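[1] how would this look folded up:
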Amino acid sequence: PPRATPFPYTTLFRSAKTNPKRPLIMCEYAHAMGNSVGNLQDYWDVIEKYRVLQGGAIWDWVDQGIRHQTATGAEFWAYGGDFGPPDVPSDGNFCINGLIFPNRKISPKMWEVKKVYQYISVEPVDWATNRVRIRNKYGFTNLNELNAEWQVSEDGETIQQGELPPLDVLPGGEKIVTLPIKPIAPKAGAEYRLMLRADNADQRLTPIGLSLGCVSDGRRKAFHEKMDRLSGARDLAGSLRLTPAEGAAHGLEINRDGARRSALDLLAYPGVDIGRLADLSYVTDGGDHIAIGALTRHCDLETNDLLNAEAPLMAAVAGQVGDPQVRHRGTLGGSLAHGDPASDLPAALLASGGSLVARGPNGERVIDAAEFFTGFLETALAADEMLTEIRVPKAAGLGWSFQKFNRRAQDWAIVGAAVLLGAAPKVALINMGSMPMRSAAVEGALVSGASAADAASVAAEGTEPPEDLNGDVEYRHHLARVLVGRAIAEAQSSL
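    Next comes the predicted model:
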């Protein structure tokens with residue numbers, strides 16, 4: 001199939017079982033655009049289970065952009081309509097969808113793909129005797145052609161390490177290996193990590209020392225007391241996704257293929273997939289707000305009874321994101337952390353007056369949505385933090401509306417508006433600037449008692465919308481005034 005369906009793994013299972021002699025290669029099973037290539041491990045769990053499934057192609061290899069400068073000298077990767085007169089046709093940033101950047105530097109997405117595609121897997125057999133099972137996924141290479149080493153660290157500091165003897169594991173085979181780890185007296189609250197690494201020992205094709213596989217396992221002896229609020233369950237299903245800032249929740253442990261490892265340990269690879277951390281997918285009553293786990297999918301927000309009752313704007317907007325495929329795969333945290341000004345959910349959160357919880361090695365902090373988006377595809381998340389929870393104030397009984405205009409239902413909004421009429425009216429705009437934004441002009445007009453039409457007339461003030469094939473600045477200004485007017489009128493009528 002050229003693209004994934006809402007339930008791609010079901011499709012793969014069905015194909016493998018009903019056509020056991022017909023090989024299947026997916027021509028585009030992942031699209032490397034923006035904050036993407038997540039949950040790739042989910043595909044490969046299925047692909048490696050059935051020999052008839054041969055993999056797929058990722059669209060595509062490299063971002064197709066050219067280094068350019070703004071009028072102030074700031075450099076950026078330009079594409080399409082960034083060149084030539086304003087009427088030059090452009091498909092937005094659709095050509096910026098590669099695994100590597102235009103200058104061929106590695107992106108976090110590429111590290112994710114490398115991790116999933118590696119030809120060596122390791123899983124524990126018996127921790128008491130330090131035995132692990134090593135599988136060779138190569139088709140023609142014996143693992144004795146690689147140099148293997150192990151390392152144990154305590155809170156990031158190496159305390160034991162060594163080289164493994166040649167691993168005589170034939171292609172497609174496996175072997176149980178006993179690691180020469182000396183007894184460790186764990187310290188309370190410390191984090192211990194075991195890492196196994198395999199490097200190239202032959203320069204026939206790749207440089208000597210090139211890392212060909214890396215598997216990390218952490219065994220946490222004491223959990224930070226703050227993690228108690230997330231869940232009583234400490235073992236979570238997980239895989240590798242996103243960037244380091246989005247890929248580890250302080251103190252969480254995950255369980256994959258039987259191996260226990262701390263989510264912080266996964267920072268050993270620059271790309272970390274947290275797509276199956278079930279404890280970060282939830283919608284709960286937080287008293288004066290609704291707490292939503294960062295990995296809650298759009299389709300679950302759309303159908304959640306609590307969210308529909310207490311924060312209906314968020315639920316309604318989640319139901320209009322992209323198409324069913326996107327809503328079954330995309331998460332609220334991923335959408336917000338990406339910070340795209342053309343995205344629906346950032347505007348919904350801004351209009352709701354919500355906040356976001358970030359966690360990292362230094363603990364937890366709550367960021368107001370109005371301060372979270374800092375620039376084009378930039379947020380207030382620090383390099384060692386990830387987004388774990390979104391908090392949406394309860395708004396039952398308040399007037400609200402969401403309006404957006406696009407060519408097709410699954411397209412990005414050309415312009416959109418989210419409105420929530422409470423004691424302090426909030427109006428957020430979509431695709432009207434370099435980052436998700438609220439309209440101070442419209443909010444000020446509403447506070448002063450302006451009518452819906454008068455308030456909407458100032459919707460374009462303070463905005464800097466893009467200019468592309470979908471519309472010029474003037475057209476987007478007009479759309480903003482029209483959509484904000486409709487949204488305010490609908491919100492007022494629902495009071």
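[2] Spell out the residue ranges of the strands in the stretch 151-300 of the chain.
    Ranges of strands within the stretch 151-300 of the chain are 157-163, 174-178, 191-200, 211-220, 235-237, 253-256, 259-262, 283-285, 289-293, based on DSSP state E, counting those that start in this stretch.
[3] Please report the distance of Lys404 from Trp412.
    Here the distance between Lys404 and Trp412 works out to 9 Å (CB to CB, to the nearest Å). C-beta here means a position set from N, CA and C on the backbone, and glycine is covered the same way.
[4] Check Glu145 too.
    As judged by CB to CB, Glu145 and Trp412 stand 48 Å apart.
[5] Settle it for me: which of the two has more neighbours?
    Summary of the neighbour comparison: Glu145 and Trp412, criterion other CB atoms under 10 Å, with Trp412 having more neighbours (21 against 15).
[6] correct me, but that one touches Asn431?
    Yes - using CB atoms under 8 Å, Trp412 and Asn431 qualify as a contacting pair, with a distance of 7.0 Å.
[7] Overlap in contacts, those two.
    Ala342 (CB atoms under 8 Å, 6 or more residues apart in numbering).
[8] Can I take it that Arg327 is in a helix?
    Yes - Arg327: assigned to a helix according to DSSP: H, G, I helix; E, B strand; the rest coil.
[9] For it, give me its contacts.
    Under the criterion of CB under 8 Å, 6+ apart, the contact partners of Arg327 comprise Arg297, His298, Cys299, Glu302, Ala318, Gly319, Val321.
[10] cutoff 6 Å now
    When contacts are counted by CB atoms under 6 Å, 6 or more residues apart in numbering, Arg327 touches His298, Cys299, Val321.
[11] rewinding a little: quickly, which of the strands of the stretch 151-300 of the chain bottoms out on average pLDDT?
    Within the strands of the stretch 151-300 of the chain, the least confident segment by mean pLDDT turns out to be strand 235-237, at a mean of 22.
[12] Would you mind measuring from the spatially closest residue to Glu48 that is not a sequence neighbour to Gly173?
    When the adjacent residues along the chain are set aside, Glu48 lies closest to Lys137, with 7.8 Å between them (CB to CB, 6 or more residues apart in numbering). With the distance defined as CB to CB, Lys137 ends up 10 Å from Gly173.
[13] try Arg391
    From Arg391 across to Gly173, the span is 50 Å (CB to CB).
[14] neighbour-wise, which of these two wins?
    When neighbours are counted by other CB under 10 Å, Arg391 and Gly173 differ, and Arg391 comes out ahead with 20 against 14.
[15] May I have the beta-bridge partners of the more buried one?
    Under the criterion DSSP bridges, Arg391 forms beta bridges with Ala291, Ser355.
[16] which element is Gly444 on?
    If you go by DSSP states H and E, Gly444 is part of helix 440-447.
[17] What lies in contact with that helix?
    Contact with helix 440-447 is made by Pro425, Val427, Ala455, Val458, Ala459, Glu461, Gly462, Val484, as judged by CB under 6 Å, 6+ apart.
[18] can I get those residues in TSV with secondary structure, pLDDT and neighbour count?
    Supplementary listing: the contacts of helix 440-447 in TSV, determined by DSSP: H, G, I helix; E, B strand; the rest coil; pLDDT from 0 to 100; neighbours: other CB atoms under 10 Å:
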residue	secondary structure	pLDDT	neighbour count
Pro425	coil	97	20
Val427	strand	98	30
Ala455	helix	97	26
Val458	coil	97	19
Ala459	coil	98	28
Glu461	coil	97	14
Gly462	coil	96	15
Val484	helix	98	31
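[19] out of these, who's nearest Met437?
    Checking these against Met437 with CB to CB, the nearest one is Gly462 at 8.1 Å.
[20] ok, now which ones touch that closest one?
    With contacts taken as CB under 6 Å, 6+ apart, Gly462 has the following neighbours: Ala441.
[21] Recalculate using a threshold of 10 Å.
    Leu429, Met432, Gly433, Met437, Arg438, Ser439, Ala440, Ala441, Val442 (CB atoms under 10 Å, 6 or more residues apart in numbering).
[22] What of Arg22?
    For Arg22, the contact set (CB under 10 Å, 6+ apart) comprises Ser15, Ala16, Val52.
[23] now those residues in JSON lines, with distance to His31, secondary structure and pLDDT?
    Supplementary listing: these in JSON lines, determined by distance: CB to CB, whole Å; DSSP: H, G, I helix; E, B strand; the rest coil; pLDDT from 0 to 100:
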{"residue": "Ser15", "distance to His31": "20", "secondary structure": "helix", "pLDDT": "79"}
{"residue": "Ala16", "distance to His31": "23", "secondary structure": "helix", "pLDDT": "83"}
{"residue": "Val52", "distance to His31": "24", "secondary structure": "coil", "pLDDT": "88"}
